[in-house]
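Asks: Here is my input, please return the structure:
(one chain, ligands or ions: 2)
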Amino acid sequence: MLKKGEGIWEKILLKIEERLGKGSFELWFKPLKLIDLKEDSIILEVPNRFFKEWIEENYLNYLTEAFSEIAGFTGQFKLRIAEKDKELKKEVMQLENRTKKLASKGIFLNPRYTFENFVVGPSNQFAHAAARTVSEQPGSVYSPLFIYGGVGLGKTHLINAIGNYIVDNISGLSVLYVPIEQFTNEVIAAIRHQKMAELKEKYRNVDVLLVDDIQFISGKAAVQEELFHTFNSLYDKQKQIVMASDRPPKEIQDIPDRLKTRFGMGLIADIQPPEYETKIAILNKKAEKEKIKLPEEVCHWLAKKIKSNIRELEGCLIKLAAHSSLTGSPITMDMAKSVLKDVISDEDRPVTPELIQKTVAESFGLKIQDLKLKRRTKEVAIPRQVGMYIARELTELSLSDIGKHFGGKDHSTVIYACKQVEEKMSKDERFKNLVKSIIDRIKS
Ligand code: ADP
Ligand code: MG
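Replies: Ligands and ions are numbered 1, 2, ... in the order given. I've put the predicted structure just below:
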């Protein structure tokens with residue numbers, strides 16, 4: 001039984017602080033207030049919308065877990081804004097109402113992901129143009145549309161924008177947005193409860209089907225089968241299908257060729273990492289919309305430091321805004337450096353071959369000497385190739401210099417090594433993550 005005032009909230013805060021560390025805890029959880037505690041819902045008050053958005057996107061699972069562990073609570077969280085800014089508060093309410101209204105019709109779109117909020121630059125121009133065309137003439141031009149690109153580059157934003165546009169501008173069309181994990185869960189549940197007919201009915205009768213993160217369909221035969229037939233059914237009726245993925249169709253592992261072919265049957269559009277100017281434009285647009293006073297100097301610094309991930313770029317801006325609104329002090333260069341010190345390191349520490357060797361050796365449980373010496377054993381072959389690959393990615397060293405550092409190889413061996421690593425990364429998700437994590441450690 002839940003009761004306010006029995007120190008539950010304090011216990012929960014302690015638990016969260018343990019997990020999160022002091023810095024983030026003080027910034028994001030200290031300012032929260034427990035307003036109401038019921039069997040099935042909890043209302044928390046947050047200082048402003050930055051908090052609401054940030055906590056909902058990043059820390060909701062911390063709250064859920066701590067509440068369920070300490071109070072056995074499994075209900076819903078509502079974050080209420082204490083903000084005095086009436087206009088912003090009103091806008092948030094409007095967005096929430098729209099979301100609720102759509103959700104009651106089974107449409108789950110993020111209302112903030114619209115074309116108006118999407119900054120177009122050379123890196124995403126093509127995908128954006130394709131998405132716009134599809135929104136204006138669903139089903140008749142490019143179907144399916146397959147959008148792919150790296151993490152945090154705007155794929156989910158774009159396919160939601162298609163949905164939002166159609167819902168708002170073309171009446172009478174049914175729209176369905178579904179992340180593939182959810183589709184997977186629905187297929188599994190339908191099989192278990194013998195409800196396949198309902199599932200087919202739901203997915204094969206829409207006008208616009210938006211499927212997110214389709215790469216996660218790898219290796220799931222039953223889901224692939226169902227998607228294949230859904231696809232055919234919609235395709236035959238000239239309905240609009242849009243898919244988002246972190247890689248192109250031919251690089252999605254463990255799916256039958258007939259699906260790969262289907263995915264690529266319409267238009268394939270990629271999104272590249274944003275250029276410096278696009279990053280600046282995104283920051284300024286977001287700052288303007290959220291009424292954040294972002295000095296030009298800080299804006300340029302962020303755009304320079306955050307290499308590609310737009311989610312990270314926005315995250316930094318929101319963190320600065322939250323900090324500024326809490327302390328009542330404006331965003332400055334010094335403040336930014338101190339608030340973001342965990343995210344952005346200030347000096348560009350040069351990446352040396354020694355640093356790469358050390359990190360690679362540690363990650364594979366080897367000694368540095370193993371990578372440097374000429375010896376040819378199987379255990380060191382792959383780590384050494386990884387080392388050469390990372391050296392080529394992160395340093396300005398020539399290929400033959402890289403070879404010298406890794407067992408005295410010549411430049412063609414380095415080229416071969418890099419090819420091998422790239423190929424293995426494209427086929428083996430775990431290997432790819434391993435290499436990425438080594439690169440991250442070297443950079444940080
Ligand atoms: P992905 O699905 O590719 O991982 P998201 O669509 O979730 O990336 O984008 C991450 C964040 O960056 C979102 O908050 C999104 O609104 C923002 N974003 C991405 N691209 C743009 C853009 N071109 N203009 C404005 N915001 C963008
Ligand atoms: Mg996404």
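Asks: ok, now which ones touch the residue of the stretch 51-200 of the chain found nearest ligand 2?
Replies: Proximity of the stretch 51-200 of the chain to ligand 2 (CB to the ion) peaks at T156, 3.2 Å away. For every residue, glycine as well, the C-beta is placed using N, CA and C. The neighbourhood of T156, defined by CB atoms under 8 Å, 6 or more residues apart in numbering, consists of 110, 113, 212-213, 244.
Asks: Any chance of those residues in TSV with pLDDT and neighbour count as columns?
Replies: Converted to TSV, the contacts of T156 look like this (pLDDT from 0 to 100; neighbours: other CB atoms under 10 Å):
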residue	pLDDT	neighbour count
N110	92	15
Y113	95	19
D212	97	21
D213	96	18
A244	98	26
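Asks: I'd like those residues as TSV, with distance to ligand 2 and secondary structure appended.
Replies: Below are the contacts of T156 laid out as TSV (distance: CB to the ion, whole Å; DSSP: H, G, I helix; E, B strand; the rest coil):
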residue	distance to ligand 2	secondary structure
N110	10	coil
Y113	10	coil
D212	6	strand
D213	6	coil
A244	6	strand
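Asks: This structure: strands as residue ranges?
Replies: 33-37, 41-46, 76-81, 145-149, 175-179, 208-212, 240-245, 267-271 (DSSP state E).
Asks: Next to ligand 1, which bits of the protein? Give me the list.
Replies: 113, 117-119, 124, 149, 151-157, 282, 310-311, 314 (CB under 6 Å from any ligand atom).
Asks: okay, now the residue lying closest to F431 once chain neighbours are set aside: neighbour count?
Replies: Sequence neighbours aside, K424 is the residue nearest to F431 in space, at 5.2 Å (criterion: CB to CB, 6 or more residues apart in numbering). If you count neighbours by other CB atoms under 10 Å, K424 ends up with 16.
Asks: Same question for V119.
Replies: 19.
Asks: who's in contact with it?
Replies: Counting by CB under 8 Å, 6+ apart, V119 has contacts 278, 281-282, 285.
Asks: Equivalent analysis for L366, please.
Replies: 360, 379-380, 383.
Asks: count of neighbours near Y276?
Replies: 11.
Asks: With the one 3 residues further on instead?
Replies: Here the number of neighbours of K279 (other CB under 10 Å) works out to 25.
Asks: Equivalent analysis for T99, please.
Replies: Residues near T99, counting by other CB under 10 Å: 16.
Asks: likewise K84?
Replies: Residues near K84, counting by other CB under 10 Å: 9.
Asks: now the stretch 251-400 of the chain, which segments are flagged as low pLDDT?
Replies: The model of the stretch 251-400 of the chain has pLDDT under 70 over residues 346-349, 376.
Asks: All the helices of it, residue numbers only.
Replies: Assigned by DSSP state H, counting those that start in this stretch, the helices in the stretch 251-400 of the chain fall at 257-263, 276-289, 296-305, 310-327, 333-339, 353-364, 368-372, 378-394, 399-405.
Asks: And the second one, what does it pack against?
Replies: It stands for helix 276-289. helix 296-305, helix 310-327 (3 or more CB pairs under 8 Å, 6 or more residues apart in numbering; DSSP states H and E).
Asks: got a winner among the contacts of L366 for most neighbours?
Replies: V360 (27 neighbours).
Asks: Chain neighbours aside, what residue packs nearest to it?
Replies: The nearest residue in space to V360 (CB to CB, 6+ apart) is G387, at 4.5 Å.
Asks: ditto for D370
Replies: The nearest residue in space to D370 (CB to CB, 6+ apart) is V380, at 4.9 Å.
Asks: OK, contacts around the one you found?
Replies: Counted by CB under 8 Å, 6+ apart, V380 has contacts 366, 370-371.
Asks: if I look at the residue lying closest to P353 once chain neighbours are set aside, how far off is ligand 2?
Replies: Nearest non-adjacent residue to P353, counting by CB to CB, 6+ apart: H405, 4.2 Å away. As defined by CB to the ion, to the nearest Å, H405 lies at a distance of 38 Å from ligand 2.
Asks: for R19, same thing?
Replies: Taking CB to the ion, one finds R19 at 25 Å from ligand 2.
Asks: Tell me which residues touch the closest residue to that residue other than its chain neighbours, please.
Replies: The shortest distance from R19 to any residue other than its chain neighbours is 6.3 Å, reached at Y62 (CB to CB, 6+ apart). Neighbouring residues of Y62 by CB under 8 Å, 6+ apart: 16, 19-20.
Asks: rerun that using 10 Å as the cut-off
Replies: Applying CB atoms under 10 Å, 6 or more residues apart in numbering to Y62 gives the contacts 12, 15-16, 19-20, 24-25, 28-29, 55.
Asks: From those, which land in helices?
Replies: Judged by DSSP state H, the subset of the contacts of Y62 located in helices is 12, 15-16, 19-20, 24-25, 28.
Asks: Show me which of those are buried.
Replies: 12, 15-16, 20, 24-25, 28 (16 or more other CB atoms under 10 Å).
Asks: Redo the contacts of T156 as CSV? Include distance to R204.
Replies: Output for these, formatted as CSV (distance: CB to CB, whole Å):
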residue, distance to R204
N110, 25
Y113, 26
D212, 19
D213, 21
A244, 20
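Asks: can you put the helices of the stretch 251-400 of the chain in a markdown table and add distance to I166?
Replies: As requested, those are arranged in a markdown table below (distance: least, CB to CB, whole Å):
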| stretch | distance to I166 |
| --- | --- |
| helix 257-263 | 21 |
| helix 276-289 | 23 |
| helix 296-305 | 33 |
| helix 310-327 | 24 |
| helix 333-339 | 39 |
| helix 353-364 | 46 |
| helix 368-372 | 54 |
| helix 378-394 | 41 |
| helix 399-405 | 50 |
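Asks: Before we move on, what's the pLDDT of the spatially most central residue of the chain?
Replies: Nearest to the mean C-alpha position of the chain, counting by CA atoms, centre = their mean, stands G152 at 4.4 Å. G152 carries a pLDDT value of 93.
Asks: Could you check how far A103 is from T184?
Replies: Separation of A103 from T184 (CB to CB, to the nearest Å): 20 Å.
Asks: These two: which is more packed in?
Replies: Per other CB under 10 Å, whichever of A103 and T184 has more neighbours is T184, with 19 against 11.
Asks: wouldn't the more buried one be in contact with G219 here?
Replies: No. Applying CB atoms under 10 Å, one finds T184 not in contact with G219, separated by 11.0 Å.
Asks: dump the residue contacts of the residue in the chain that ligand 1 sits nearest to.
Replies: Nearest residue of the chain to ligand 1: G154, at 2.7 Å (CB to the nearest ligand atom). Neighbour list for G154: 113, 118-120, 123-124, 127-128, 131, 147, 161, 244, 271, 274, 282, 310-311 [criterion: CB under 10 Å, 6+ apart].
Asks: how about a cut-off of 8 Å?
Replies: 118, 124, 127, 271, 310.
Asks: try E45
Replies: 32-35, 79-82.
Asks: same check, this time on P274
Replies: Listed by CB under 8 Å, 6+ apart, the contact set of P274 reads 121, 123-124, 153, 282, 308, 310.
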